[in-house]
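Engineer: whatever this is, show me its structure:
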Amino acid sequence: MTNKQIIFKKRPSGVPDADTWQLETNQVPELEEGEILVQHHYISLDPAMRGWMNDTKSYIPPVEIDAVMRAGSVGKVIKNNGNPKFEIGDVVTSWGGVQQYAITNGDGWYKVDTSLATMPMYIGTLGMPGMTAYFGIQEVGKIVEGDIVLVSGAAGAVGSIVGQIAKIKGCTVIGIAGGKEKCDYIVNELGFDDAIDYKSENIYSALKQKCPKGVDVFFDNVGGKILDAALSKLRMHARVVICGAISQYNNKAKVDGPSNYLSLLVTRSTMQGMVVMDYTKNFGEAAKQMGIWMQEGKLKSKEDIYEGIENFHETYNRLFSGEKKGKLVLKVIEK
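Structural biologist: Okay, the predicted model is just below:
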């Protein structure tokens with residue numbers, strides 16, 4: 001049995017080119033005692049992958065050169081050499097990497113129920129992006145009913161869930177997204193109260209018009225100029241959640257930080273970073289609650305699925321080109 005794998009070959013400067021990775025086909029080794037073989041069906045593509053390629057201090061060690069590219073995954077157990085926790089046919093999810101098969105002793109792998117949700121949802125709304133949104137907006141953003149919530153990257157995997165949770169909790173929600181189609185999507189399909197198209201609108205003017213009373217919570221996935229503009233609209237005791245900075249990840253120069261940070265002082269506001277791994281022990285309760293919201297029709301899940309491990313680089317680029325809505329997923333199981 002052979003395994004197609006995306007191998008990380010060099011650390012990129014700026015936007016990763018095709019030579020950053022290499023597609024290899026290798027034999028799947030025999031299982032050792034206690035190991036299982038997982039056949040991946042879907043791989044999660046996330047903006048955080050760009051940061052994992054840098055050899056710098058972060059919340060997680062960088063991907064090593066010549067290693068399988070790190071990624072979340074979901075698939076089925078197809079072989080088991082004496083592991084009592086799993087059975088053949090179990091659907092499982094973890095950090096399996098960008099490859100068609102993964103061998104593991106089961107540590108860090110979790111069984112999921114595909115009678116309740118589809119496989120891609122478990123690496124999207126019920127996976128890392130959904131958990132990030134759930135805990136980021138509630139535990140770090142500390143939303144309460146009546147808050148005015150501003151979300152950047154609002155049509156993406158995390159931002160789209162953040163806005164919907166804030167609406168469920170009785171907040172007014174304004175999303176920032178790129179292009180009319182995405183802005184229409186978050187308002188008409190997801191129920192956001194309003195949208196700002198950063199591609200066609202002046203961000204400062206739009207914030208003045210659409211957030212005239214200011215902002216209680218800003219959930220930021222983008223960074224850069226959008227973060228700077230949002231800081232100028234903070235209300236007293238506002239909370240700024242730093243989840244990501246996708247506008248900065250491919251910079252060759254230094255990160256463009258905020259010049260309006262003194263707004264935090266004037267308004268006695270807080271700005272706090274958020275990493276989803278800090279909440280691992282509570283993922284189960286979050287998934288249960290979001291599952292209920294989905295069954296009630298209050299929370300919508302969208303997966304943007306592309307096929308073929310050979311198309312990894314092209315699909316990965318959609319994270320930064322904006323050519324996607326919702327959660328970006330790569331299907332790697334062959335027909």
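Engineer: the stretch 51-200 of the chain: helices as residue ranges?
Structural biologist: 128-135, 159-168, 180-184 (DSSP state H, counting those that start in this stretch).
Engineer: hang on, Cys171 packs against Val151?
Structural biologist: No. Contact criterion CB atoms under 8 Å: Cys171 and Val151 do not qualify, at 10.3 Å. To be clear about C-beta, it is placed using only N, CA and C from the backbone, and glycine gets the same treatment.
Engineer: who's more crowded, the two?
Structural biologist: Neighbour totals were compared for Cys171 and Val151, and Val151 leads with 35 against 22 (other CB atoms under 10 Å).
Engineer: for the more buried one, give me its contacts.
Structural biologist: Residues in contact with Val151 (CB atoms under 8 Å, 6 or more residues apart in numbering) are 159, 162-163, 166, 173-176, 192, 218-219, 221.
Engineer: swap in Gly106?
Structural biologist: 34-36, 83, 85-86.
Engineer: buried subset of these as a ChimeraX selection?
Structural biologist: Remark: buried members of those, expressed as a ChimeraX selection using 16 or more other CB atoms under 10 Å:
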select :35,36,83,86
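Engineer: next step: the contacts of Gly106 restricted to strands.
Structural biologist: Under the assignment DSSP state E, the contacts of Gly106 contribute Ile36 to strands.
Engineer: in JSON lines, list the contacts of Gly106 along with distance to Leu264 and pLDDT.
Structural biologist: Shown next, in JSON lines, are these (distance: CB to CB, whole Å; pLDDT from 0 to 100):
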{"residue": "Gly34", "distance to Leu264": "51", "pLDDT": "97"}
{"residue": "Glu35", "distance to Leu264": "50", "pLDDT": "97"}
{"residue": "Ile36", "distance to Leu264": "48", "pLDDT": "98"}
{"residue": "Asn83", "distance to Leu264": "50", "pLDDT": "97"}
{"residue": "Lys85", "distance to Leu264": "46", "pLDDT": "96"}
{"residue": "Phe86", "distance to Leu264": "48", "pLDDT": "97"}
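Engineer: adding distance to Ser115, write the contacts of Gly106 out as a markdown table.
Structural biologist: Supplementary listing: those in a markdown table, determined by distance: CB to CB, whole Å:
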| residue | distance to Ser115 |
| --- | --- |
| Gly34 | 28 |
| Glu35 | 27 |
| Ile36 | 21 |
| Asn83 | 23 |
| Lys85 | 20 |
| Phe86 | 18 |
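Engineer: which pair of the contacts of Gly106 spans the longest distance?
Structural biologist: Within those, Glu35 and Lys85 form the most distant pair, 11.4 Å apart (CB to CB).
Engineer: list the helices and strands the top helix by length along the chain packs on?
Structural biologist: Criterion DSSP state H: the longest helix present in the chain is helix 283-295. With contacts taken as 3 or more CB pairs under 8 Å, 6 or more residues apart in numbering; DSSP states H and E, helix 283-295 sits against helix 128-135.
Engineer: can you tell me which of the contacts of Gly106 is nearest Asp55?
Structural biologist: Glu35 (30.2 Å).
Engineer: for the stretch 51-200 of the chain, just list every one of the strands.
Structural biologist: Here the stretch 51-200 of the chain has its strands, by DSSP state E, counting those that start in this stretch, at 73-80, 91-94, 101-104, 110-111, 148-152, 172-177, 194-197.
Engineer: check those for me and report the most buried one.
Structural biologist: strand 148-152 (a mean of 29; mean count of other CB atoms under 10 Å).
Engineer: that strand pairs with which strands?
Structural biologist: strand 172-177 (parallel), strand 215-220 (parallel) (DSSP bridges).
Engineer: mind putting the ones you listed in CSV, mean pLDDT included?
Structural biologist: Formatted as CSV, the strands paired with strand 148-152 follow (pLDDT from 0 to 100):
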stretch, mean pLDDT
strand 172-177, 98
strand 215-220, 98
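Engineer: as TSV, those with distance to Val332 would be great.
Structural biologist: TSV is the format used below for the strands paired with strand 148-152 (distance: least, CB to CB, whole Å):
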stretch	distance to Val332
strand 172-177	28
strand 215-220	31
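Engineer: could you chop the chain up by domain?
Structural biologist: Under the assignment automatic domain parsing, the domains of the chain span 2-124+302-331, 128-277.
Engineer: first-to-last residue distance for the last one?
Structural biologist: The first and last residues of domain 128-277 sit 9 Å apart, counting by CA to CA, to the nearest Å.
Engineer: same thing with the first one?
Structural biologist: Between the opening and closing residues of domain 2-124+302-331 we find a distance of 17 Å, counting by CA to CA.
Engineer: again with stretch 194-209
Structural biologist: Start-to-end, stretch 194-209 (CA to CA) is 11 Å.
Engineer: which residues sit against it?
Structural biologist: 150, 154, 174-180, 182-184, 186-187, 210, 215, 225-226, 229-230, 232-233.
Engineer: now, of the residues you listed, which are buried?
Structural biologist: Using 16+ other CB under 10 Å, the buried members of the contacts of stretch 194-209 are 150, 154, 174-178, 182-183, 186-187, 210, 215, 226, 229-230, 232-233.
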